[in-house]
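Student: My questions are about this predicted structure, shown below with the sequence.
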Protein chains: 2
Amino acid sequence: MNDLTQTPEMLIGAMAARAREASALLAQASDADKARGLELAAQALRDHTDAIVRANAQDMDNAAANGLSPSMLDRLRLDPARIESTAAGVAQVAQLPNPLGEVIDETRRPNGLVLQRVRVPLGVIGIIYESRPNVTADAAALCLRAGNAAILRGGSEAIESNRAIHAAMIEGIGAAGLPVNAIQLVPTTDRAAVGAMLRAAGLIDLIVPRGGKSLVARVQEEARVPVLAHLDGMNTSYVHASADPEMARELILNAKMRRTGICGATETVLLDAAFPAKRAVIAALLDAKCAVRGDMAVQALDSRVTPASDEDWDTEYLDAIVAAAEVNGLDEALAHIAAHSSHHTDAIIAEDAEAAERFLNAVDSAIVMWNASTQFADGGEFGLGAEIGISTGRLHARGPVALEGLTTYKWIVRGTGQKRP
Amino acid sequence: MNDLTQTPEMLIGAMAARAREASALLAQASDADKARGLELAAQALRDHTDAIVRANAQDMDNAAANGLSPSMLDRLRLDPARIESTAAGVAQVAQLPNPLGEVIDETRRPNGLVLQRVRVPLGVIGIIYESRPNVTADAAALCLRAGNAAILRGGSEAIESNRAIHAAMIEGIGAAGLPVNAIQLVPTTDRAAVGAMLRAAGLIDLIVPRGGKSLVARVQEEARVPVLAHLDGMNTSYVHASADPEMARELILNAKMRRTGICGATETVLLDAAFPAKRAVIAALLDAKCAVRGDMAVQALDSRVTPASDEDWDTEYLDAIVAAAEVNGLDEALAHIAAHSSHHTDAIIAEDAEAAERFLNAVDSAIVMWNASTQFADGGEFGLGAEIGISTGRLHARGPVALEGLTTYKWIVRGTGQKRP
């Protein structure tokens, strides 16, 4: 497996073939086996905490020598607490309801054929990620729970940490009698291996990129395999004329400022011209040290507002900066969102239920909200128990994706000798 | 719209922009409006039968002059009966249940947020097809019923027929107050327009190719937009040792010979060595004028069997030819299918329920059948009312795809001012 004389194409081809075999074996394992495998993997992570920390120290040393930024170093760093949290996450995935075998629907045809659509694993899933080594455990656990084989390709700066975590994961699932090739780690740090994964149509069924915008953009640009991801969270919160002023102020503050770096953060605020408390909303943002870039009307509300440029309406700041504009009514808000949204999460704040329902119906985004903070856009907050990612694509799975999005279905037809006339 | 000084990219870009606008308008139309639009479109097809037949005569004259094969000429040909059948199909799509607005699931979170996943249109769908002009009406009707805008690109040999059918369709939907840009026909026969559609990621949400293998292969090869299709129907029927001999003979005959040219036809027959009536099954095929290419064991059953080459196990004949092999038990059958299936439709014939359930579970195909003819692999036979195609892809929709496969969902979150802690 570590024969680096292979081309990246050969390596990925061989890994995908082993993954396909493993997924066929997994299909025959019981759900209890899979849950038990994840519990044992969680235990193995705990048991091997020292080894994982040592491996991580090697990565940290190399990374410091290579001049990685403090924020990247922090993402890379593992300590016993972080390993415990990763192990707890893996154990929690073992507790989630079994996503497989569900009969989605059943029909009996006049000729007596009985048709069922039954949920089955998706197959082979490629995860491409950056410096956070915990993804090695998190993503593998979700894939396995849904019966899939995972091919993991982490950042080269985390290779030793990933190897140590991977070793613990396969020790656990192997002890439960599951095929260890269900969780494979790409052994090379050669970037060409990523390209080979992206081109492996038919061998890998789905690619999930986990990381920053440049990674996601590269994956979406190059992949021939379907990709589950979102590039931007260009989210808008619209304050309707009927909004409760107090609720509007608090929701906008939370949606923008609770954590500015997450994909569910609001990046644009639209204030209806007829909303009476516009000034208070803008002042609250400014008082919380959020820079506000406004159109003419918003600039007139507070002297601290700076002018917005055309680009501001399409910028995902991921920072304490917001773009704000005044709109004349719901239709103008809808038009602004249609023009600038990245189809991630958009919200209306309103007491007028009819206006809110029109908004929820008309806005074409993965998540639409009424009187709630866009920061709730998260698989955990949605009650999914975990999240492999948030998708702004329109096919297969949309919004927060957990176990169900890692499954597909097949048609099972049971007959008694029916011939087609 | 007919300004052919545009590049194909500009043309498709402009059409996709109009389609996106139309899909937003459609989202606001009622289901009754959409059904009414299709009924009026069916009526318009009937009313304009003469004009459509005249347009088709032009295409037929050109096609004959260009030396098209008799089978292609037959696919191109329209007469009043075929137009009536097309109109009836459009009217039938109007009768199908509304696929939109369904609440797939609903959760109330401890913080009071109410989450729903609600079925919504997919968006803009590109249909690329060949000489059959009825696809112009059939595919457009399905797309529209599911709230989508369609961009239709038929074969150049059918351009006049397609224009006439398209004119009738938009007359109908326009009369119901629906946006006529919801059904657009690519006005040029320039093949570069197909390439532009395949590259229109983000502008077109899904491409459905309708036609022969070379078209589907080109689309799958070049497309950057997701594709819903199947390339091959390399279907296997496996006769288990426990199969009822009479049922086995009749099902195999039907699965192979009822219509040899459809994608659900069986192409390989596996006979269990322990099945006592192997000879009768093979003889029945041969007596029905099906050529049988067999392995050594099958050759020994009947002198008319010719030797199979390695390629035969991967060949979709779409003809009165079948490959047949003997296997030793279920596991060998599963291994053969795993190695050669195109994941379309595979069947087991067996009285042993345990063996059948193992087969249904283990075979990784869009459709798996027990004691039924693989020729049932069809949206109409599955009770879907219609079919845009059959998908062997693993994401989004699998097997026969009708209205539901042309939808996606969005998350609707209703709150009362919840902030994320």
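Tutor: All right, it came through fine.

Student: Residue ranges in chain A under the pLDDT threshold?
Tutor: Within chain A, the stretches with pLDDT under 70 are A:1-5.

Student: and the longest helix for it?
Tutor: Counting residues, the longest helix in chain A under DSSP state H turns out to be helix A:8-28.

Student: Next, the buried residues of that helix.
Tutor: Within helix A:8-28, the residues that count as buried by 16 or more other CB atoms under 10 Å in any protein chain shown are A:8, A:11-12, A:15-16, A:18-20, A:22-24, A:26-27. (Each C-beta comes from the backbone N, C-alpha and C, glycine too.)

Student: how is chain A carved up into domains?
Tutor: What the record gives for chain A is the domain set A:8-228+A:401-412, A:235-376, from automatic domain parsing.

Student: Check the separation of the first and last residues in the last one.
Tutor: If I follow you right, that is domain A:235-376. Using CA to CA, to the nearest Å, one end of domain A:235-376 lies 12 Å from the other.

Student: one step back: nearest to chain B, out of the domains of chain A?
Tutor: Chain B lies closest to domain A:235-376 among those, at 3.2 Å (CB to the nearest CB).

Student: filter the buried residues of helix A:8-28 down to the ones near chain B?
Tutor: Among those, proximity to chain B is found for A:24, A:27 (CB under 8 Å from any CB of the partner chain).

Student: what two of the buried residues of helix A:8-28 have the greatest distance between them?
Tutor: Across the buried residues of helix A:8-28, the longest distance by CB to CB is 28.2 Å; it joins A:8 and A:27.

Student: From residue A:136, how far off is the nearest residue in space to residue A:264 that is not next to it in sequence?
Tutor: Distances taken as CB to CB, 6 or more residues apart in numbering or on different chains place residue A:377 nearest to residue A:264, at 3.3 Å, with adjacent residues excluded. Residue A:377 sits at a distance of 25 Å from residue A:136 (criterion: CB to CB, to the nearest Å).

Student: who's more crowded, these two?
Tutor: Neighbours per residue, other CB atoms under 10 Å in any protein chain shown: of residue A:377 and residue A:136, the larger number sits with residue A:377, 31 against 27.

Student: so residue A:393 makes contact with residue A:231?
Tutor: No. Residue A:393 is not in contact with residue A:231 according to CB atoms under 8 Å; the separation is 10.0 Å.

Student: ok, the two, which is more surrounded?
Tutor: Remark: of residue A:393 and residue A:231, residue A:393 carries more neighbours, 22 against 16, as counted by other CB under 10 Å.

Student: Now the closest residue to that one other than its chain neighbours: phi and psi?
Tutor: What sits nearest to residue A:393 in space, not counting adjacent residues and going by CB to CB, 6+ apart, is residue A:228, at 6.7 Å. Main-chain dihedrals, residue A:228, degrees, to the nearest 10: phi -110, psi 110.

Student: What of the one 10 residues further on?
Tutor: As for residue A:238, its main-chain torsions (degrees, to the nearest 10) stand at phi -110, psi 120.

Student: beta partners of residue A:348?
Tutor: Residue A:348 forms beta bridges with residue A:238, residue A:370, as assigned by DSSP bridges.

Student: Contacts only, for it.
Tutor: By CB atoms under 8 Å, 6 or more residues apart in numbering or on different chains, residue A:348 lies in contact with A:237-238, A:240, A:333, A:355-356, A:359-360, A:368-371.

Student: roughly how far out does stretch A:291-298 sit from the chain middle?
Tutor: Chain-centre distance of stretch A:291-298: 32 Å, with CA atoms, centre = their mean, to the nearest Å.

Student: Quote the end-to-end distance of that stretch.
Tutor: Using CA to CA, the end-to-end distance of stretch A:291-298 comes out at 13 Å.

Student: which parts of that stretch are buried?
Tutor: Those would be A:292-295, A:297-298, for stretch A:291-298 by 16+ other CB under 10 Å.

Student: Out of those residues, list just those in strands.
Tutor: If you go by DSSP state E, the buried residues of stretch A:291-298 have A:292-294 in strands.

Student: Pick out whichever of these sits closest to residue B:159.
Tutor: The closest of those to residue B:159 turns out to be residue A:293 (CB to CB; 50.8 Å).

Student: Wait, the closest one touches residue A:311, no?
Tutor: No. Counting by CB under 8 Å, residue A:293 stays clear of residue A:311, with 9.8 Å between them.

Student: returning to what we had before: ok, so of the ones in strands among the buried residues of stretch A:291-298, who is nearest residue B:323?
Tutor: residue A:293 (67.8 Å).

Student: List the contacts of the closest one.
Tutor: The contact partners of residue A:293, taken as CB under 8 Å, 6+ apart, are A:305-309, A:312, A:321-324.
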